[in-house]
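*Asks:* Got a predicted structure plus its sequence, pasted below:
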Amino acid sequence: MTGPKLNEAARVAGERSGTKASAKYLRVSAYKARVVLNLIRGLPVKRADEVLQFSDREVSNDIRKVLASAVANAQHNDEQDPEELYVKACFADEGPTLKRFTPRARGRGNRIRKRTCHITIVLARLDDARLEVVQAREAKRSAAGRRRVTAGGTSASRRARVERSRQRAAAAAKGETVEPETPEEELGDEEQGWERAEGSASDEAQAARDGSEADVEPAVDTGSASDEPQSDAGESEADAKEDN
């Protein structure tokens, strides 16, 4: 008896649930393929392709090709917009198993099973409510990217924050107060505060060194010190002559 294709997310017999593509007789077990298919089930097509692109599983490359084929079928055959599609269903069926063996000791042999599978991906159009959410998320991500590009990149924005922080530090040294415009500038103030603290510490150390040098007494003249022994020697010679 013919029934609905539940693995294709169909609930009525004979109903076409969406646009699908399949790859048969792949040299990988269905168990390993299902691990990756569980990651993309229910995701938008763009998000699912990103997940497959950065997956460590080797079967991800084959699944990504099947996904691209399903998108092409929906675009050319059903005139669907790829940006509005999502993975409605994806599954892996077991294919024929190739029997091999490896020789063992005493004339025996162990069985080797080289399994295959059939991978199928079904795509459908997102409903209006979910489509609005996905489009809003993509618009937010693109807007953030445009802001980074117009700002000149992360390094350029950091240099600008540091420059503004230095200007506020100079104004604070003159007694002027400048309010930060953005939270990023507040972060720049903190970094500048560390620089000011290090600068003040170095100034205090330099002042301490200068003060210690000023407290040192001037050196004593060596000439006067050398004259004293000579005078003592002259007095001793005079005393010796008087005794004689």
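*Replies:* Perfect, I can see it now.

*Asks:* which residue ranges form the strands in the protein?
*Replies:* All strands of the chain, identified by DSSP state E, fall at 19-26, 85-94, 98-103, 109-114, 117-125.

*Asks:* Just the angle for the first one relative to strand 117-125, thanks.
*Replies:* Looking back up the chat, that one is strand 19-26. Orientation check (axes from the mean of the first three to the mean of the last three CA atoms, to 10 degrees): strand 19-26 against strand 117-125 gives 170 degrees.

*Asks:* Pull out the buried residues from strand 19-26.
*Replies:* Going by neighbour count (16 or more other CB atoms under 10 Å), the buried part of strand 19-26 is 19, 20, 21, 23, 26. Using the backbone N, CA and C atoms, a C-beta is placed for each residue, glycine as well.

*Asks:* strands paired with that strand, and their directions?
*Replies:* Strand pairing for strand 19-26, using DSSP bridges, gives strand 117-125 (antiparallel).

*Asks:* ok, and what's touching the partner strand?
*Replies:* 7-9, 17-26, 28-30, 33, 37, 45, 62-63, 66-67, 70-71, 74, 80, 84-95, 131 (CB atoms under 8 Å, 6 or more residues apart in numbering).

*Asks:* let's go with 7 Å and repeat that
*Replies:* With CB atoms under 7 Å, 6 or more residues apart in numbering as the contact definition, strand 117-125 has outside contacts at 8-9, 17-24, 26, 28-30, 33, 45, 62-63, 66-67, 70-71, 74, 80, 84-95.

*Asks:* Rounded mean pLDDT for that strand, please.
*Replies:* Per-region confidence: strand 117-125 scores 94 on mean pLDDT.

*Asks:* go on, stretch 97-110?
*Replies:* Rounded mean pLDDT across stretch 97-110 is 95.

*Asks:* and what of stretch 38-45?
*Replies:* Stretch 38-45 comes out at a mean pLDDT of 94.

*Asks:* what about burial for the contacts of strand 117-125, which qualify?
*Replies:* Going by neighbour count (16+ other CB under 10 Å), the contacts of strand 117-125 have 8-9, 17-21, 23, 26, 28-30, 33, 45, 62-63, 66-67, 70-71, 74, 80, 84-92, 95 buried.
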